[in-house]
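Provided below for reference: sequence and predicted model.
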Amino acid sequence: MIAQMIKQQGREILSQFPITPPQFVALQWLNEQGDMTIGELSNKMYLACSTTTDLIDRMEKNELVERVKDLQDRRVVRIHLLDKGKTIIEEVIKKRQEYLHGVLVNFSVEEVEILEKNLDLLYNEMERSTDNSKDRN
(Lines give C-alpha, C1' and ligand atoms only; values in the text may rest on other atoms or scores of the structure.)
Protein backbone atom coordinates (compact mmCIF):
# COMPACT_ATOMS: atom_id res chain seq x y z
CA MET A 1 0.00 0.00 0.00
CA ILE A 2 2.85 2.42 0.82
CA ALA A 3 4.53 1.72 -2.52
CA GLN A 4 1.26 2.50 -4.31
CA MET A 5 0.84 5.77 -2.42
CA ILE A 6 4.40 6.84 -3.23
CA LYS A 7 3.92 5.87 -6.87
CA GLN A 8 0.67 7.86 -7.07
CA GLN A 9 2.26 10.93 -5.49
CA GLY A 10 5.21 10.59 -7.87
CA ARG A 11 2.82 10.59 -10.84
CA GLU A 12 1.01 13.64 -9.50
CA ILE A 13 4.32 15.49 -9.16
CA LEU A 14 5.38 14.35 -12.63
CA SER A 15 2.10 15.61 -14.12
CA GLN A 16 3.34 19.15 -13.39
CA PHE A 17 6.15 18.64 -15.92
CA PRO A 18 6.09 18.24 -19.72
CA ILE A 19 7.17 14.57 -19.70
CA THR A 20 5.61 11.14 -19.33
CA PRO A 21 6.58 8.59 -16.65
CA PRO A 22 8.57 6.46 -19.16
CA GLN A 23 10.43 9.58 -20.32
CA PHE A 24 11.28 10.38 -16.71
CA VAL A 25 12.62 6.86 -16.18
CA ALA A 26 14.77 7.23 -19.31
CA LEU A 27 16.06 10.60 -18.08
CA GLN A 28 16.92 9.05 -14.71
CA TRP A 29 18.91 6.25 -16.35
CA LEU A 30 20.81 8.73 -18.53
CA ASN A 31 21.45 10.97 -15.54
CA GLU A 32 22.78 8.08 -13.44
CA GLN A 33 24.65 6.09 -16.09
CA GLY A 34 25.70 8.77 -18.60
CA ASP A 35 25.35 8.47 -22.36
CA MET A 36 23.85 5.18 -23.53
CA THR A 37 22.89 3.53 -26.79
CA ILE A 38 19.23 2.87 -27.54
CA GLY A 39 19.89 -0.85 -26.97
CA GLU A 40 21.46 -0.24 -23.55
CA LEU A 41 18.62 2.05 -22.50
CA SER A 42 16.05 -0.46 -23.82
CA ASN A 43 17.59 -3.18 -21.66
CA LYS A 44 17.57 -0.98 -18.54
CA MET A 45 13.93 -0.04 -19.10
CA TYR A 46 12.79 -3.52 -20.21
CA LEU A 47 11.39 -2.06 -23.45
CA ALA A 48 11.67 -3.09 -27.09
CA CYS A 49 14.24 -1.07 -29.04
CA SER A 50 11.48 0.28 -31.30
CA THR A 51 9.55 1.56 -28.28
CA THR A 52 12.66 3.19 -26.87
CA THR A 53 13.43 4.76 -30.25
CA ASP A 54 9.96 6.35 -30.31
CA LEU A 55 10.47 7.55 -26.74
CA ILE A 56 13.84 9.10 -27.62
CA ASP A 57 12.40 10.71 -30.77
CA ARG A 58 9.82 12.56 -28.66
CA MET A 59 12.39 13.49 -26.02
CA GLU A 60 14.79 14.78 -28.68
CA LYS A 61 12.01 16.87 -30.22
CA ASN A 62 11.41 18.41 -26.76
CA GLU A 63 15.16 19.09 -26.37
CA LEU A 64 15.58 16.80 -23.37
CA VAL A 65 18.18 14.57 -25.05
CA GLU A 66 20.23 14.45 -28.22
CA ARG A 67 21.76 11.72 -30.32
CA VAL A 68 25.55 11.94 -30.57
CA LYS A 69 28.09 9.83 -32.45
CA ASP A 70 30.43 7.80 -30.26
CA LEU A 71 33.95 9.25 -30.41
CA GLN A 72 35.61 5.81 -30.59
CA ASP A 73 33.20 4.25 -33.10
CA ARG A 74 31.31 6.64 -35.37
CA ARG A 75 28.81 3.87 -36.23
CA VAL A 76 27.55 3.92 -32.64
CA VAL A 77 24.99 6.54 -31.64
CA ARG A 78 24.57 7.43 -27.99
CA ILE A 79 21.77 9.27 -26.26
CA HIS A 80 23.02 12.31 -24.34
CA LEU A 81 21.06 14.09 -21.61
CA LEU A 82 20.70 17.82 -22.27
CA ASP A 83 20.48 20.60 -19.66
CA LYS A 84 16.69 20.85 -20.00
CA GLY A 85 16.39 17.12 -19.16
CA LYS A 86 18.76 17.48 -16.18
CA THR A 87 16.77 20.44 -14.88
CA ILE A 88 13.51 18.48 -15.04
CA ILE A 89 15.06 15.59 -13.11
CA GLU A 90 16.41 17.95 -10.44
CA GLU A 91 13.04 19.71 -10.08
CA VAL A 92 11.06 16.45 -9.87
CA ILE A 93 13.45 15.01 -7.29
CA LYS A 94 13.27 18.24 -5.28
CA LYS A 95 9.44 18.07 -5.28
CA ARG A 96 9.56 14.40 -4.23
CA GLN A 97 11.94 15.26 -1.38
CA GLU A 98 9.62 18.07 -0.28
CA TYR A 99 6.72 15.60 -0.27
CA LEU A 100 8.64 13.08 1.85
CA HIS A 101 9.80 15.82 4.20
CA GLY A 102 6.17 16.87 4.67
CA VAL A 103 5.17 13.27 5.42
CA LEU A 104 7.99 12.84 7.95
CA VAL A 105 7.54 16.23 9.67
CA ASN A 106 5.79 14.66 12.68
CA PHE A 107 8.43 11.94 13.10
CA SER A 108 11.13 12.39 15.75
CA VAL A 109 14.78 12.36 14.66
CA GLU A 110 15.11 8.92 16.25
CA GLU A 111 12.06 7.59 14.37
CA VAL A 112 13.46 8.88 11.07
CA GLU A 113 16.83 7.25 11.81
CA ILE A 114 15.15 3.92 12.65
CA LEU A 115 13.04 4.13 9.48
CA GLU A 116 16.14 4.90 7.39
CA LYS A 117 18.05 1.99 8.97
CA ASN A 118 15.18 -0.43 8.34
CA LEU A 119 14.71 0.76 4.74
CA ASP A 120 18.44 0.25 4.15
CA LEU A 121 18.15 -3.29 5.56
CA LEU A 122 15.12 -4.00 3.35
CA TYR A 123 16.89 -2.60 0.28
CA ASN A 124 20.03 -4.67 0.93
CA GLU A 125 17.97 -7.84 1.39
CA MET A 126 16.06 -7.16 -1.82
CA GLU A 127 19.35 -6.57 -3.68
CA ARG A 128 20.80 -9.79 -2.27
CA SER A 129 17.66 -11.70 -3.22
CA THR A 130 17.76 -10.27 -6.75
CA ASP A 131 21.46 -11.12 -7.12
CA ASN A 132 20.82 -14.70 -5.91
CA SER A 133 17.97 -15.20 -8.38
CA LYS A 134 20.21 -13.96 -11.21
CA ASP A 135 22.89 -16.47 -10.18
CA ARG A 136 20.36 -19.33 -10.35
CA ASN A 137 19.34 -18.46 -13.93
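That came in fine, so what should we check first?

pick out the residue nearest the middle of the chain.
For the chain, Q28 is the residue whose C-alpha lies nearest the centre (CA atoms, centre = their mean; 3.4 Å).

mind checking the SS state of that residue?
helix (DSSP: H, G, I helix; E, B strand; the rest coil).

count of neighbours near the residue nearest to it when sequence neighbours are not counted?
Nearest residue to Q28 in three dimensions, chain neighbours excluded: I89, at 6.4 Å (CB to CB, 6 or more residues apart in numbering). Placement of C-beta: from N, CA and C, glycine included. Using other CB atoms under 10 Å, I89 has 19 neighbouring residues.

and I89, what element?
Here I89, judged by DSSP states H and E, is contained in helix 83-104.

pull out the buried residues from that helix.
The neighbour-count check on helix 83-104 (16 or more other CB atoms under 10 Å) flags G85, I88, I89, V92, K95 as buried.

tell me who's in contact with the fourth one.
Pointing back at V92 there. I13, L14, F17, F24 (CB atoms under 8 Å, 6 or more residues apart in numbering).
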